[in-house]
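Trainee: Using only what follows, build the 3D model:
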Amino acid sequence: MRHAILAGLIGVALAGCAGQAGTALPTDAAVRAAAAAEATADAAMPLMTWDDLLSRPKPAPDATVRYGADALQVVDVWKPADAKYGKGPHPAVVMIHGGCWQTSIAERDIMNWIAGDLREHGVGVWNIEYRGVDRGGGYPGTYLDVAAAADLFAQRGGEFGFRTRAPVVAIGHSAGGHLALWLARRSGLPKGDALRGAKPLKVDFAISQGGLPDLRAQTTLPDHGCGADAAAQMARGEFARTSPPEMPKGRARELQFNNVRDRIAPPSFGAAYGAEMVTTAGEGHAELIAPGTESWGKQRAVILKTFGLKDAKK
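Mentor: As a prediction, this is how the structure comes out:
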């Protein structure tokens, strides 16, 4: 069922998102020129579909840990093999899936393929599940979930052989990109704010994979593939606490990966946010979380470099 919803999401986005994004979110001349050139040169080349990814054999995590009573309040743990990489401590990323902030569209297992790929390259993964707006999440539930799961990484990651001190890397896809950037800026919220918590995980590097960082802008895009209502439920007017561009800029380096043919999160979204951005021609939204694509290869190389590892296994 979720696979069908994902396919429908892409269809809606292709039909309506491009025009809406250009109107509501400003873009610079270079991004516009790149998008126009790409549309002309590669319009006939098919994009990866969700079925192309989801039909692949799916890797499985090594463990699942709980951070709350709800069935969705869990984290999947991916640990590099002792036989190949020793007992650690291993570098590890905190990972957050997308799906328009809606559990019915996607859950954490959509990230299994890149989680497995990072594990094969010696990087552990702390893959967070959370309640979507359709399962008791939104504001404040989704943020409280992501915050609790991320803070648990600092508390319990060492039990799985993970290195939990700097550099701490958070990575998220689509709506999860918004949450990864939010996590990076969360420690800048005032002390005593329930979303900040008492001892928030200090993120050093946040990676947005075709993210939707601007909740206020997203609420103005009813024809976008994710619509406007979920973003409104994620903010409930608290943009200064929930929408990264309106939050205090934190200590973390922020890097956006946006694909030129992505109609869910086109490069104009990244340009509007303003953080450093890497674009890839010829690829769309699904390619960002699919091993073997150019855009994922770029992301993995950055992650390995951040941890001082070599990209030995292509």
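Trainee: Quick check, residue 235 in contact with residue 220.
Mentor: No: counting by C-beta atoms under 8 Å, residue 235 sits too far from residue 220 to count as a contact (11.9 Å). Placement of C-beta: from N, CA and C, glycine included.
Trainee: So between these two, which is more surrounded?
Mentor: residue 235 (20 against 15; other C-beta atoms under 10 Å).
Trainee: residues contacting the more buried one?
Mentor: With contact set as C-beta atoms under 8 Å, 6 or more residues apart in numbering, residue 235 has these partners: 139, 215-216, 219, 242-243.
Trainee: please redo it, this time with the cut-off set to 6 Å
Mentor: Counting by C-beta atoms under 6 Å, 6 or more residues apart in numbering, residue 235 makes contact with 215, 242.
Trainee: Could you pull up phi and psi at it?
Mentor: Backbone torsions for residue 235, taken as degrees, to the nearest 10, come to phi -100, psi -50.
Trainee: Report the outermost residue of this structure with respect to its centre.
Mentor: residue 83 (29.9 Å; C-alpha atoms, centre = their mean).
Trainee: Phi, psi for it please.
Mentor: phi -60, psi -30.
Trainee: any idea how far residue 298 is from it?
Mentor: 29 Å (C-beta to C-beta, to the nearest Å).
Trainee: Could you list the low-confidence segments of the stretch 201-314 of the chain?
Mentor: Flagging of the stretch 201-314 of the chain using pLDDT under 70 yields the residue ranges 312-314.
Trainee: Recalculate using a threshold of 50.
Mentor: Low-confidence segments of the stretch 201-314 of the chain (pLDDT under 50): 314.
Trainee: what ranges do the strands span in it?
Mentor: For the stretch 201-314 of the chain, strands defined by DSSP state E, counting those that start in this stretch occupy the ranges 205-209, 253-259, 276-280.
Trainee: which residues sit in contact with the nearest residue to residue 207 once chain neighbours are set aside?
Mentor: Counting by C-beta to C-beta, 6 or more residues apart in numbering, the nearest residue to residue 207 once its immediate chain neighbours are dropped is residue 171, at 4.2 Å. By C-beta under 6 Å, 6+ apart, the contact set of residue 171 is 93, 95, 180, 207.
Trainee: now, among the residues you listed, which is nearest to residue 154?
Mentor: residue 93 (13.5 Å; C-beta to C-beta).
Trainee: circling back to that earlier point, would you mind giving the contacts of residue 171 as TSV with secondary structure added?
Mentor: What follows is the contacts of residue 171, written out as TSV (DSSP: H, G, I helix; E, B strand; the rest coil):
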residue	secondary structure
93	strand
95	strand
180	helix
207	strand
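Trainee: Closest to residue 68 out of those residues?
Mentor: If you rank these by distance to residue 68 using C-beta to C-beta, residue 95 comes first, at 17.9 Å.
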